[in-house]
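Undergrad: Pasting the sequence and the predicted coordinates here, then a few questions.
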Protein chains: 2
Amino acid sequence: MTSYRVTDLVSGLPATVPFVGPEAQERAQGRVFDARIGANENMFGPSPAVIEAIIQTAGDAWMYGDPELHELRHAIARHHEIPVENVAIGEGIDGLLGYFSRMFIEPGDSVVTSAGAYPTFNYHVVGYGGKLETIPYHDDHENIDGLLDRAADVNAKLLYVANPDNPMGTWWGASAVDSMMSRIPEGAVLLLDEAYGEFADPDTLPAFDISNENVLRFRTFSKAYGMAGIRVGYVIGHCALIAELDKVRNHFGVGRVAQAAALAALKDQVFLTNVIEQVRSARARIVEIARENGLSSLDSAANFVAIDCGADGEFATTVLNNLLRHGIFVRMPGIAPLNRCIRITAGKSQELDAFARALPVALGEARAAR
Amino acid sequence: MTSYRVTDLVSGLPATVPFVGPEAQERAQGRVFDARIGANENMFGPSPAVIEAIIQTAGDAWMYGDPELHELRHAIARHHEIPVENVAIGEGIDGLLGYFSRMFIEPGDSVVTSAGAYPTFNYHVVGYGGKLETIPYHDDHENIDGLLDRAADVNAKLLYVANPDNPMGTWWGASAVDSMMSRIPEGAVLLLDEAYGEFADPDTLPAFDISNENVLRFRTFSKAYGMAGIRVGYVIGHCALIAELDKVRNHFGVGRVAQAAALAALKDQVFLTNVIEQVRSARARIVEIARENGLSSLDSAANFVAIDCGADGEFATTVLNNLLRHGIFVRMPGIAPLNRCIRITAGKSQELDAFARALPVALGEARAAR
């Protein structure tokens, strides 16, 4: 019996974490991974301009960042050609998903997502007492019609979709997404996670419709801009909904160095274009490595490729554990039948060479163990 | 009538911000302040070792930070000679206060603080539906006995005390704080904000008692370590309570660059000692400037000094607005009788010279306007 009083909700939460970091695995193994291609980090970034901005701002780190994030917010608005009132910035998409979960969810409220989709969103939903309603993937794609139907059936307050999808890398084109955004059930808000959006073909992301008060679209500097270690994400939506965020956010949460870095990243679109090209080449290389090992892979619009290990989740898990043991950090989907795959981040040649060497060994060991 | 459904709690929150940043005032005035001595930032920092760590880590910004913050957490534990299980790290004390507010507060729960104390804590409490119970300062000090009594009377879940205090800079010595920590009412947790603790004399901060499950002590890299723009704070307390935080925190919220910077800061205690000396000299200079203008000031254990403008809040507000107009960014307490004072951050000579020039002008204008 404790003498302090944590809420029943928090007290009852599981002691879980959305992801174990590769550092924890490295500490357990007593060695550093040869290839860090498991967390969909973008090792082609950040831009030299970002590094320069960080260096230039380091000496100013004694100052709080502007709590209104004026300059960055305006730059993002200009970049997307939308009014600044439709943009808010937070501590990565993770931080923003947490805020919006808090803003919408009361214990027992229903939230719809795909079975096997982003665990951190689920972590936030459960953390605020929401009831997760999941829809299976269909043909390795998020099942848009199924998600919309379920959202209507359960009177969902929130509906989460990632496009391109994580962990499968599949995607819906702009017209399908536009159609989805026009069919959101009354009273629901679609949280459209476009963390990997910049990697996709241009006809994947629809134009912004800031008049739609039932859609929030999330972008990040963690993926294409190569700044996962900096923590800046943003959200675009109806101005009334964006304004609500100001009531709960940690106003000084995005620091001065992070703001300067994100601003520099946004300004260097030439570098971004180049990164996207490199990621596409790396994706093709992963597909090729899979093929060389007799495995198929899923078409991906993100900076990773899901390789189908050709059997069930148990087999893929064995392959993954073998890879980890051989110094290759990768991850895999958590739910069948997605978990027949392992998920490989588009790394540089050095990382993919290491993966190419380790995969046949890991596969051979897994087959021998059957 | 909106078609989305923000919770009644959030919907009913005021559209307020805890602090307006100096950048917003600069934009409104169309000029940059000559002296930024209003937010208790520490312009004597950060350490060159921190700047070097930031520069060295900038190229690694594509990687997420370790979500377990293993190295930094262990370093903090070693620094304070306590087990690592008693330490947690978050996105500044602001971020941590938000998490703990969430963990304890259900709508209607009582929380006790001093009238005029840290607005950001109040922001979090109100944001989770807590009922703020305030106790006036006594002789410009937080009224420990009054706070404890009120916490017992209202069955408070949380009790907030800052030592040294902000905005007054006053403090209680270790024995008084030890006594307070031994008298926390059943069922309450004391959030002891020691953001300014490193600036105080050594006999101000009591030893850690990690067996006390009703105390959480907050420290930050934003003040003495001069890293307000980086966002790292930590909390020390009973291991069971510290473990609860893992259920709700944003596990990747403290990025790789921030972790490296904080680690470097912690390791450079020689620099810290030097900064504290400089801050003490600057404090003495502020006292002297006040005296030259016929004003008294409050003894301070923090990196700022409250100058008593010698009249009421209206007069001090006029002085403050005059200072702002003359290019000097300062702030002041929000509640009588504390608001007879303006609060001046211990700046470098250049900033304090500018303040010394502006203060007599600002005072003269304020007196002429009466």
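TA: Ah, there it is.
Undergrad: any idea how far the nearest residue to A:P14 once chain neighbours are set aside is from A:Y128?
TA: Among residues not flanking A:P14 along the chain, B:K247 sits closest, at 7.4 Å (C-beta to C-beta, 6 or more residues apart in numbering or on different chains). From N, CA and C alone the C-beta is placed, and that goes for glycine too. Counting by C-beta to C-beta, to the nearest Å, the gap from B:K247 to A:Y128 is 12 Å.
Undergrad: what do you get for A:P136?
TA: In this view, A:P136 and A:Y128 are 24 Å apart by C-beta to C-beta.
Undergrad: which of the two has more neighbours?
TA: For A:P136 versus A:Y128, neighbours defined as other C-beta atoms under 10 Å in any protein chain shown are more numerous around A:Y128 (21 against 14).
Undergrad: quick one: the more buried one from A:V111, how far?
TA: Distance, A:Y128 to A:V111, using C-beta to C-beta: 9 Å.
Undergrad: Please tell me I have it right and the residue nearest to A:P14 contacts A:L9.
TA: No: using C-beta atoms under 8 Å, B:K247 is not in contact with A:L9; the gap is 9.8 Å.
Undergrad: Number of residues surrounding A:D178?
TA: When neighbours are counted by other C-beta under 10 Å, A:D178 registers 14.
Undergrad: what about it, distance to B:A156?
TA: For A:D178, the distance to B:A156 equals 51 Å [C-beta to C-beta].
Undergrad: now A:E292
TA: A:E292 is 65 Å from B:A156, where distance means C-beta to C-beta.
Undergrad: before we move on, what about A:T134?
TA: Taking C-beta to C-beta, one finds A:T134 at 39 Å from B:A156.
Undergrad: Name the residue in these two with the higher neighbour count.
TA: B:A156 (28 against 17).
Undergrad: And the pLDDT for that one?
TA: Looking at B:A156, its pLDDT stands at 98.
Undergrad: Equivalent analysis for A:S3, please.
TA: For A:S3, the model assigns a pLDDT of 87.
Undergrad: which residues touch it?
TA: Each residue near A:S3 by C-beta atoms under 8 Å, 6 or more residues apart in numbering or on different chains is listed here: B:186-187, B:213-214.
Undergrad: which among those end up buried?
TA: Taking 16 or more other C-beta atoms under 10 Å in any protein chain shown as the criterion, what is buried in these is B:213-214.
Undergrad: Tell me which residue in the stretch 251-370 of chain A sits closest to chain B.
TA: In the stretch 251-370 of chain A, the residue that lies nearest chain B is A:R256 (3.2 Å; C-beta to the nearest C-beta).
Undergrad: What's the local residue count around that residue?
TA: By other C-beta under 10 Å, the residues close to A:R256 number 23.
Undergrad: next one: phi and psi at it?
TA: Phi and psi for A:R256, reported as degrees, to the nearest 10, are phi -60, psi -40.
Undergrad: Need the per-residue pLDDT for the residue nearest to it when sequence neighbours are not counted.
TA: Closest residue to A:R256 apart from its sequence neighbours, by C-beta to C-beta, 6+ apart: B:G229 at 3.2 Å. In this model, B:G229 is scored at 97, pLDDT.
Undergrad: Next, the contact list for A:T16, please.
TA: By C-beta under 8 Å, 6+ apart, A:T16 lies in contact with A:123, B:247.
Undergrad: Quick check, pLDDT for it.
TA: Looking at A:T16, its pLDDT reads 79.
Undergrad: Tell me where the model's unsure across chain A.
TA: Residues of chain A meeting the criterion pLDDT under 70: A:1-2.
Undergrad: Okay, domains of it per the record?
TA: With domains defined by automatic domain parsing, chain A comprises A:20-45+A:270-369, A:48-267.
Undergrad: first to last residue in the last one, what's the distance?
TA: Distance across domain A:48-267, first residue to last, is 12 Å (C-alpha to C-alpha, to the nearest Å).
Undergrad: got it, and the first one?
TA: Taking C-alpha to C-alpha as the measure, domain A:20-45+A:270-369 stretches 26 Å from start to finish.
Undergrad: Stretch A:36-49 too?
TA: Span of stretch A:36-49 from end to end, C-alpha to C-alpha: 24 Å.
Undergrad: likewise stretch A:247-257?
TA: 24 Å.
Undergrad: Could you check how far that stretch is from the centre of its chain?
TA: Stretch A:247-257 has its C-alpha centroid displaced from the chain centroid by 21 Å (C-alpha atoms, centre = their mean, to the nearest Å).
Undergrad: Let me see the contact set for the residue nearest to A:R256.
TA: B:G229 is in contact with A:57, A:60-65, A:255-257, counting by C-beta under 8 Å, 6+ apart.
Undergrad: And for the closest residue to A:A77 other than its chain neighbours, the neighbour number?
TA: Spatially, and ignoring its direct neighbours in sequence, A:A77 is nearest to A:V84 (4.1 Å; C-beta to C-beta, 6+ apart). Burial of A:V84, expressed as a neighbour count using other C-beta under 10 Å, amounts to 15.
Undergrad: Same check on A:V232?
TA: Per other C-beta under 10 Å, the neighbour tally for A:V232 reads 29.
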